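> Just a sequence and a predicted model for now, questions to come.
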Amino acid sequence: MPEPHDLLRSLFQEAASTGQSRARCAPVELVARRGERLRRRRIATLAAGACLVFAGTGAAAVALLPGSPSTGVPAVTPSPSRPSATPKPAPTPPRSTSSVTSTPVPGRTTPGTPPATAPPRTSQGVPGASATATHRTSPPSTAPPR
């Protein structure tokens, strides 16, 4: 059944035919530039998203690791003028690696070293001599204390 003549419909059809006659394809360069711009935006969006994902994963891993340092550090450091509550350990004397040992003289000390104690007595009663050693490497010093 034919529709009655509609003025609005005929105006739309006339505008469509005019638009079709004036329509042209866009130049190839313009289409290529638009496509390249869209591709760059997609790559930049993917790169930014990947950075955010990696940063979030790294932060979560650091926060969840066992033994991570606690955040309860003091706001200020103590001043050095206050005495510390913990005693400082005494310095240990350096160890001698030589095989020849000298017998210290009782009561004689050198500056900066603690007083020497007498060596333990062996079964022969000679300080510093072992059961298998028969001679001494150096005679004991008989110099008076300074």
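Yep, it's here. Numbering: from 1, shown residues only.

> contacts, neighbours, all on C-alpha from now
Noted.

> who touches Thr18 in this structure?
Listed by Cα atoms under 8 Å, 6 or more residues apart in numbering, Thr18 has no contact partners.

> Give the next helix or strand downstream of the strand or helix carrying it.
Taking DSSP states H and E as the definition, Thr18 sits inside helix 7-22. Using DSSP H and E, the next helix or strand after helix 7-22 towards the C-terminus is helix 28-64.

> what's the burial count for Ala63?
Using other Cα atoms under 10 Å, Ala63 has 12 neighbouring residues.

> State the distance from it to Pro80.
According to Cα to Cα, to the nearest Å, Ala63 stands 33 Å off from Pro80.

> Repeat that for Leu64.
35 Å.

> now swap in Gly19 and tell me
From Gly19 to Pro80 the distance is 87 Å (Cα to Cα).

> picking that back up, which one of Leu64 and Pro80 is surrounded by more residues?
Leu64 (10 against 7).

> Sketch out the low-pLDDT regions of this protein for me.
Filtered on pLDDT under 70, the chain yields the residue ranges 1-4, 68-74, 78, 82-89, 96-141, 143-146.

> try 90 this time
Filtered on pLDDT under 90, the chain yields the residue ranges 1-7, 62-146.

> burial count for Ser10?
For Ser10, the count of nearby residues is 11 (other Cα under 10 Å).

> same question, Ala50
Applying other Cα under 10 Å, we find 12 residues neighbouring Ala50.

> where's it relative to Gly56, distance?
Counting by Cα to Cα, the gap from Ala50 to Gly56 is 10 Å.
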